[in-house]
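Chemist: Fold the following, please.
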Amino acid sequence: MQARQALADIQHLLTHVLQAPSRWQALPPFADTDGELAAQVLDEAAKFVDSAIAPLQRGGDEEGCRFDAGQVRTPAGFRDAYQAFWQAGWPSLSCAPEDGGQGLPAVLECVLFEWLAGANHGWTMAPGLLHGAYECIKHHASDELKAQYLEKVATGEWLATMCLTEAHAGSDLGLVRTRGVPQPDGSARVNGSKIFISGGEHDLTDNIVHLVLARLPDAPAGPKGLSLFLVPKILQDGSRNAVVCERIEEKMGLHGSPTCVMRFDDATGWLVGEPNKGLNAMFVMMNAARLHVGLQGIGLLEAAWQKASAYAAERRQMRGPGAKDTSLIQDHPAIRRILHTQRAWIDGGRVLAYHTALQLNVAKHSTDAAARAAAQRWCALVTPVLKAALTDQGFHGASACLQVFGGHGYVREWGIEQIVRDARVAMIYEGTNEIQAIDLLVRKVLADGGQGLGALLGSLPGAAPSTAASVRRHALVEITQALAAAAQSDPELPYWVADDYLRAVALVLLEWAWGQIGAASPRERGSEPTSATDRWTAPAQAFALWVLPEFDLRTGILRQRIAHALESRPQEATGAQPICASSS
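Modeler: Just a heads-up that it's a prediction; the model follows:
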């Protein structure tokens, strides 16, 4: 069964829950983009994804990519689909018109890429880095490089990669050894090897633009000595650059996407941005990239849920409680719990992700300095949460959906096992989920003693929180303050509990998201119940019953670890206040 795009659900979330059209129209670049235009864009996007991309899902997985003497051939149909994709203008939705883009709000691009990932994650890996590469070149490259490469990347005519990881270094970019040696003509000779390069070589486009982290000859050690170089596969004179694909990785999933080992043998490249500030140039794309990976988790979970829901509506087995005859498995409480719980994550996760996409535009385009600062704070704190929590649920939730099929889920013909395999990688790339948790707690929350997170929780937009929600937010702020105090004498403590802390933050944010969904329903406004209202009732109840109680588990772990740290030294030396035993 092929997944279909949930257009009506998303229109409801954008229009009624988030009031997205009025919010983006308040920003000068999007003043003329009304809700009707956005709806037309999403309608056409759904048709394209369903007709051109989704049908390639199973065949792409079974055929996989083929490597032959440095050349990579993608599965049948992939190149034609990609050519249709960029020629129709889909990669350039949110790029600036002066760069060949359409200048639309970022949230529309996010919805498109969520759908693409759910329809065919392997194919979607190819254009997945385009927007980040576009932003990097636009903000950091020289005018000469922009003239040659910016529009080609913005439109998607040429695909792009980010060449960061090396075999000996893993996530520690400070250990990168690749070298870039300046030449008299202003170019550089780049030498070194990179691994795990998605789309490092393929036949989808005529050129590939590699953005490569490397060191100048006199660069200091560590991450502060990294520079960024633009290294094309094909040079301006039409000759092949000294960029070699040595092999493609044999992976657990994503068989339709070539993950390459790349070697640069005196390859010609050009410096992007300032010397020794390559990470600064790369980080311009980080929030958008992490958001897109979080949306992959949602898209894959939606696809898994659709398959499981359809199967549960057709398959009969045993008798449900109180039934006289064999029941549809969707009538069994255990199956309803699985389906409603995953629906709760999808719907709540979408609200958070789409709100974050809107905040990215506010941070960039608002004329109000205070609004820009608040949006930047939201994006900095929330994007690692979304990346980690939504990809974690994308994998584990897809595995739960496989459970609905019983033994049939473990065989290939139903397609659910491919989603489980493909979803696993999103927990690893764009920074592992553990790194996201450390980034959130150590680098962002504790850096200012939790003041930024407290301000964010205190200013969540929309309806006033319930008493229980207010208690949970207060408990999170209290625990954050206690962590900050205890970490002063136990520097390892935040690293032990970062995962638990991120999950607690995610649950508080999801509770806010479901509050927004509830406030937008007809029943909340006093109308009679309708089928549209019922659509949101079951997952709302599942969130309250099966998802939100995890908050007490996570905060209990945090309190226990903080108490253990405090017991190892005199209380008067800590400056920490006692921690309440319960959040409710």
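Chemist: Quick check: residue 15 vs residue 483, distance?
Modeler: Separation of residue 15 from residue 483 (CB to CB, to the nearest Å): 39 Å. Bear in mind the C-beta positions are built from the backbone N, C-alpha and C, glycine included.
Chemist: neighbour-wise, which of the two wins?
Modeler: Under the neighbour definition other CB atoms under 10 Å, residue 15 and residue 483 were set side by side, and residue 483 has more, 26 against 16.
Chemist: looking at it, the more buried one is touching residue 497, isn't it?
Modeler: Yes: proximity of residue 483 to residue 497 meets the contact threshold set by CB atoms under 8 Å, at 7.3 Å.
Chemist: Now do the strands in the protein.
Modeler: Applying DSSP state E to the chain gives strands spanning 66-68, 71-73, 159-163, 179-182, 188-198, 208-215, 226-232, 243-248, 259-272.
Chemist: Mean pLDDT and mean neighbour count for those strands - can I get that in a markdown table?
Modeler: Listed next are the strands of the chain as a markdown table, based on pLDDT from 0 to 100; neighbours: other CB atoms under 10 Å:
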| stretch | mean pLDDT | mean neighbour count |
| --- | --- | --- |
| strand 66-68 | 96 | 12 |
| strand 71-73 | 96 | 16 |
| strand 159-163 | 95 | 25 |
| strand 179-182 | 97 | 19 |
| strand 188-198 | 97 | 21 |
| strand 208-215 | 96 | 25 |
| strand 226-232 | 97 | 26 |
| strand 243-248 | 97 | 18 |
| strand 259-272 | 97 | 21 |
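Chemist: Including distance to residue 382, could those go into JSON lines?
Modeler: As requested, these are exported to JSON lines (distance: least, CB to CB, whole Å):
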{"stretch": "strand 66-68", "distance to residue 382": "39"}
{"stretch": "strand 71-73", "distance to residue 382": "36"}
{"stretch": "strand 159-163", "distance to residue 382": "22"}
{"stretch": "strand 179-182", "distance to residue 382": "35"}
{"stretch": "strand 188-198", "distance to residue 382": "25"}
{"stretch": "strand 208-215", "distance to residue 382": "26"}
{"stretch": "strand 226-232", "distance to residue 382": "26"}
{"stretch": "strand 243-248", "distance to residue 382": "35"}
{"stretch": "strand 259-272", "distance to residue 382": "28"}
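Chemist: picking up where we left off before, what is in contact with residue 483 and residue 497 at once?
Modeler: Residues touching both residue 483 and residue 497 by CB atoms under 8 Å, 6 or more residues apart in numbering: 441, 558.
Chemist: Determine the number of other residues adjacent to residue 217.
Modeler: What residue 217 shows, counting by other CB under 10 Å, is a neighbour count of 8.
Chemist: right, I mislabeled it, should have said residue 350
Modeler: Residues within reach of residue 350, counting by other CB under 10 Å, total 27.
Chemist: Sketch out the low-pLDDT regions of the chain for me.
Modeler: Across the chain, residues meeting the criterion (pLDDT under 70) sit at 1-4, 522-533, 569-584.
Chemist: longest helix in it, by residue count?
Modeler: For the chain, the helix that runs over the most residues, judged by DSSP state H, is helix 369-404.
Chemist: Okay, buried residues for that one please.
Modeler: Taking 16 or more other CB atoms under 10 Å as the basis for neighbour counts, the residues of helix 369-404 that come out buried are 371-372, 374-402, 404.
Chemist: before we move on, what about stretch 441-454?
Modeler: Neighbour-count burial for stretch 441-454 flags 441-442, 444-446, 450, 452-454 (criterion: 16+ other CB under 10 Å).
Chemist: same thing with stretch 11-18?
Modeler: Residues of stretch 11-18 classed as buried: 11-18 (neighbour count, 16+ other CB under 10 Å).
Chemist: Fine by me, thanks again.
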